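A.B. asks: below: sequence and its predicted model.
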Amino acid sequence: MRQDNYKLGYRLARGSSIAALATGLLIAVPAAAQTVSETEATAGEEILVTGSRIARAGYDQPTPTTVIGEDELRLGARPNIQQVLNDLPQIRPTTTPSVSNGNTSTGTAPVDMRGLGTNRTLVLLDGRRFVGEGNLNFIPTNLVERIEVVTGGASAAWGSGAVAGVVNILLDKDYDGISIGGNVGVASRGDGFRYGFDAKFGTSFADGRGHFLIGGEYVKDAGVIDRSTRPNLNSPDFIPSGTGSELVRDVNFGNVTLGGLITSGVLAGQTFNPDGTLRDFRRGTSVGAGAFPLRMVGGEDGINLYDTIPASSPFERLSTYGRLSYEVGDATFWVDASYARALSNAPFFGDYTVGGALGLPYLTIQATNPYLSTAIRDRLAAAGETSFTFGRYFNDILQLQFRGLRVSKEAAIGVDGTFGKGFRYKAWYSHGEVESEQSLNNSRLVRQFNNAINAVSSGGQIVCAINVDANPANDDAACRPLNPFGALNASPEARDYVTGAQQSFSTTKLDSAGAEIQGDLFSLWAGPVTVAIGAEARWEELVSSRDDFTIANAANYGLLVFSTPTSGGFNVKEAFGEVLLPLLKLENAVEVDLSGAARYSDYSTSGGIWTWKAGGTVRLFNDLLLRGTRSRDIRSPSIAELFSVRSINIGVLNDQDNPAGRLAANPAYNPTPSTVTTFTGGNPDLVPEVSYTTSIGATYSPSYFPGFSASVDYYKIKIKGAITALNGSSLTLACFRGSTAACDRITRDATGTVVQVAANQQNIASFETSGLDMEASYVVRLSSVGANLPGSIRIRALATYVDKLVFDTGLTRVETAGDVGDSVLRATPKWRGTLSATYEDASFGFDIRARYIDGGNFDRTRTTLINNKIASRTYVDIGARFKVEDRFTLFANVNNVFDRAPPLVTVNSTLYDVVGTYVTVGARVNF
């Protein structure tokens, strides 16, 4: 391997990972280049390879690994680490500010590799689990040196959760100096304003034996609140068209308005103006029958459920980290701590459960309501009408607002060292907590709302009817009458009476400890046999609660979001080992290595389970590397899946497991029993999901073409016993179709009649996915082209092809590879890729990147959908940097330069950009 290619443009800090540096070929080259000359590693340097516990210079690990370094972290000026990762083709952007709008995951930033779910991708910080794994808002971007992404099962090395792969975020722990930076950004339409600043300080002391690092980052993003400013987000929905259906824009409620629509009697078809007067309902094209169908297309008075949901949710985050280390002989003792907070405060839905939207009951308004004008009351009286039905979407009085605050606190201590002839050891302990406070403000209180909306006139005053009726037991002195006619006409006192805040609190705790030793046991004809052994343990706990007001009104909220809380915990103790066995080494001709790893995990909830991994590499003539792995991996159940409160319901069940045959066998059999006991909620008997992963690939770094490297890897993942829940009737159908796991959840009496079903979380489903990962890069110093040419150029391409992504519940088998519509769960394009080019010299740098996202079906199950095809999208990003005397840097970045619009979607787009062109500028100074 050629050293100039490895070191070009990359600062090698003391203690950084030599092997991972080589893996990345100056951080940017793909997994094709995964070795470095053993003469480059010194005894004092830490080597970390995320795909393996074996950390040895010159080791070609068989697991594909993509490295994100300085260039990728800079591209796109992303506001957090998660959004940097989302640009990788292997990562599905399942939860982002433009996806999690309108739900309580707003403000979180997890990683979802392969579209298998965020709980099947393990995220590490410097090779350790951390309590904020599911929210990368907690990681300060300015302290990250690089990120290693292992695209394959790695449970034998790292434990539960490493099913789709591992993301290892490596901090620049040895940074020396001071760096201060700031940036601002805005969308081309003038919204989406974002600003942030960061700083870090690192210094050595005691003649280099000690080192101190501290840093942090603050980001505030205003989001894009008005979704109508973005193309193809203006309330599209499916409507009938001929013998099929069509996805069209501007589909609205046809029976409710913002001011209120009278839907019965002499005034039917009249809507209220803001001042309480009436005018004709300016309707659109009706979808469906009747005078007031549930939906219409267009219409000046049209309103849709999602009109108040942001296109991109606002968020605010602060993340800090500090570390102190000191060398004593051959050991380095260290301690680190972090504090972070992530806040989201965004509009939610209006309360759609009242006022007739979505086919729910209309309100009934009395004809004598004193908030009606005299003219309106007289017309009703003249028609002999005592009341009318009223349809309204209350996005003023009952506009819900979600606020989520999550605070992470974590500290760890540890020691790294060497002994004997090159043996290394490390040990650590960490404790972390994430405290979450969530509230849904402006929630409707049903009893109070019903009281307030029934207003009467008494003694020249407008009062609540319950306070003047003949039954004093109904009185409520706190009741304030509410004017529902026209927008923003309710008094502040009435709004306070009819609404309240739902609040939920939770604390997640993680204690983690581990120790490991590795080194060369002895040498064979082809090289040393290296082993790594160790043990780990962790304790996880979740405690959640609600405030007294929320508990007292749980049955009184119009839209209850925070239901019964979950509390519980588990622990796991593990031992692992890994071995690297060199089989053959013919200098400059052939090298063959085999590796194996195993881990035994003992869970307090389900007992012991094994994971393993076997792999091998063959290097031919220094240029071509062939590699392959086979692994057994696991995901243990989450605390919520285990311990969410178990509910018992008794009711009717429709038995779909061969009812005709059962009735013929026993006339006493009942196919629709009315007193079936159904259990829902968590399931403490869950066991870990089990996955099998196969990976086969090759990398090529030709000696005749210095600086070029390419790789291609095939992957196949099968997950058995995936955790999901089916209702009782669906369980009987799944049993009928051959699912033994479903049959085990059903209890029948002697006649064959169902008497009990366990419809809680079960190990009943399966996943299967397969495809190809491809990567290529080229790095060249321009001085090698022309002696007087300054700087260097780096080109990198990444692509992923997904052949299949199947989720099977035993009842339904759903293939989503090639489906890209936003309403498809786990929608995944067949192809995703990026192509980037960077020029860098001593005073100037320029980046350009193209991000390709394949098109496909909106939803293959919608066979009669007329416009069921979505075209591909290519987004272009550019960036530039200007350096002044090596200390001061000005930079600018433009994402989606050509303002490529998203496809037509029903709510939001997981895969495609909805914000549009976005410009970021900033500055940084280094000392």
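C.D. replies: Nice, thanks for sending it over.
A.B. asks: got a list of what the nearest residue to Thr864 once chain neighbours are set aside touches?
C.D. replies: Nearest non-adjacent residue to Thr864, counting by Cβ to Cβ, 6 or more residues apart in numbering: Gly244, 3.2 Å away. For glycine as for every other residue, the C-beta is placed from the backbone atoms N, C-alpha and C. The contact partners of Gly244, taken as Cβ atoms under 8 Å, 6 or more residues apart in numbering, are 864-866.
A.B. asks: partner strands of the lengthiest strand in the chain and their direction?
C.D. replies: The longest strand of the chain (DSSP state E) is strand 499-524. Strands that pair with strand 499-524, judged by DSSP bridges, come out as strand 423-444 (antiparallel), strand 527-546 (antiparallel).
A.B. asks: what average pLDDT does the shortest one get?
C.D. replies: Going back to what we said before, that points to strand 527-546. The average of the pLDDT scores along strand 527-546 is 95.
A.B. asks: wait, Ser701 touches Glu775, no?
C.D. replies: No - between Ser701 and Glu775 there is no contact under Cβ atoms under 8 Å: 11.9 Å.
A.B. asks: of those two, who's got more company?
C.D. replies: Ser701 (26 against 23; other Cβ atoms under 10 Å).
A.B. asks: show me where pLDDT drops low in the chain?
C.D. replies: 1-51, 55-59, 101-102 (pLDDT under 70).
A.B. asks: strands along the stretch 701-850 of the chain, start to end?
C.D. replies: 708-724, 746-748, 754-758, 762-781, 792-808, 813-815, 831-840, 844-853 (DSSP state E, counting those that start in this stretch).
A.B. asks: by how many degrees do the last one and strand 792-808 diverge?
C.D. replies: Taking axes from the mean of the first three to the mean of the last three Cα atoms, to 10 degrees, one finds strand 844-853 and strand 792-808 inclined to each other by 20 degrees.
A.B. asks: in strand 844-853, what counts as buried?
C.D. replies: 845, 847-849, 851-853 (16 or more other Cβ atoms under 10 Å).
A.B. asks: okay if I get these as TSV plus distance to Arg538?
C.D. replies: As requested, the buried residues of strand 844-853 are arranged in TSV below (distance: Cβ to Cβ, whole Å):
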residue	distance to Arg538
Gly845	42
Asp847	40
Ile848	44
Arg849	38
Arg851	37
Tyr852	40
Ile853	37
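A.B. asks: identify the farthest-apart pair in those residues.
C.D. replies: Gly845 and Ile853 (26.4 Å; Cβ to Cβ).
A.B. asks: okay, and the spatially most central residue of the chain sits in which element?
C.D. replies: Central residue of the chain (Cα atoms, centre = their mean): Thr95, 3.2 Å from the mean position. For Thr95, there is no enclosing helix or strand under DSSP states H and E.
A.B. asks: who touches it in this structure?
C.D. replies: 105, 108-110, 112, 118.
A.B. asks: can you do 6 Å?
C.D. replies: For Thr95, the contacting residues are 105, 108, 110, by Cβ atoms under 6 Å, 6 or more residues apart in numbering.
A.B. asks: do the same with Ala614
C.D. replies: Contacts of Ala614 (Cβ under 6 Å, 6+ apart): 596, 630.
A.B. asks: repeat that for the one 5 residues further on.
C.D. replies: Each residue near Arg619 by Cβ under 6 Å, 6+ apart is listed here: 591, 625.
A.B. asks: where's it, which helix or strand?
C.D. replies: Using DSSP H and E, the element containing Arg619 is strand 607-620.
A.B. asks: dump the C-alpha coordinates for the following helix or strand past that strand into CSV.
C.D. replies: Sequence order places strand 624-635 as the next helix or strand after strand 607-620, per DSSP H and E. Output in CSV follows, covering the C-alpha atoms of strand 624-635 (Å, rounded to 0.1, in the frame of the first residue of the first chain):
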residue,chain,number,x,y,z
LEU,A,624,-7.5,-7.9,-4.9
LEU,A,625,-9.1,-8.8,-1.6
LEU,A,626,-11.9,-11.4,-1.4
ARG,A,627,-13.9,-11.6,1.8
GLY,A,628,-16.9,-13.3,3.3
THR,A,629,-18.7,-13.7,6.6
ARG,A,630,-21.6,-15.7,8.1
SER,A,631,-23.0,-14.6,11.5
ARG,A,632,-25.7,-15.3,14.0
ASP,A,633,-26.9,-12.1,15.6
ILE,A,634,-29.6,-11.1,18.1
ARG,A,635,-31.8,-8.2,19.2
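A.B. asks: just checking: what are the partner strands of strand 624-635?
C.D. replies: Strand 624-635 has its sheet partners listed here by DSSP bridges as strand 607-620 (antiparallel), strand 689-700 (antiparallel).
A.B. asks: in the shortest one, what's buried?
C.D. replies: Just to be clear, that refers to strand 689-700. By neighbour count with 16+ other Cβ under 10 Å, strand 689-700 contains the buried residues 689-691, 693-700.
A.B. asks: measure Trp428 to Asp87 for me?
C.D. replies: 31 Å (Cβ to Cβ, to the nearest Å).
A.B. asks: got a list of contacts for stretch 82-91?
C.D. replies: The contact list for stretch 82-91, computed with Cβ under 6 Å, 6+ apart, reads 73, 78, 93, 109, 111, 113, 136, 151, 798-800, 832-833.
A.B. asks: hmm, 8 Å instead?
C.D. replies: Counting by Cβ under 8 Å, 6+ apart, 66, 68, 72-73, 75-76, 78, 93, 96, 109-114, 136-137, 141, 147, 149, 151, 165, 167, 773, 798-800, 832-834, 851 sit against stretch 82-91.
A.B. asks: which ones among those residues are found in strands?
C.D. replies: 66, 68, 147, 149, 165, 167, 773, 798-800, 832-834, 851.
A.B. asks: next, the contact list for the closest residue to Glu641 other than its chain neighbours, please.
C.D. replies: Leaving aside its sequence neighbours, Glu641 sits nearest to Gln761 (Cβ to Cβ, 6+ apart; 4.7 Å). Contacts for Gln761 were tallied using Cβ under 8 Å, 6+ apart; they are 637, 641-642, 644, 681-683, 686, 723-725.
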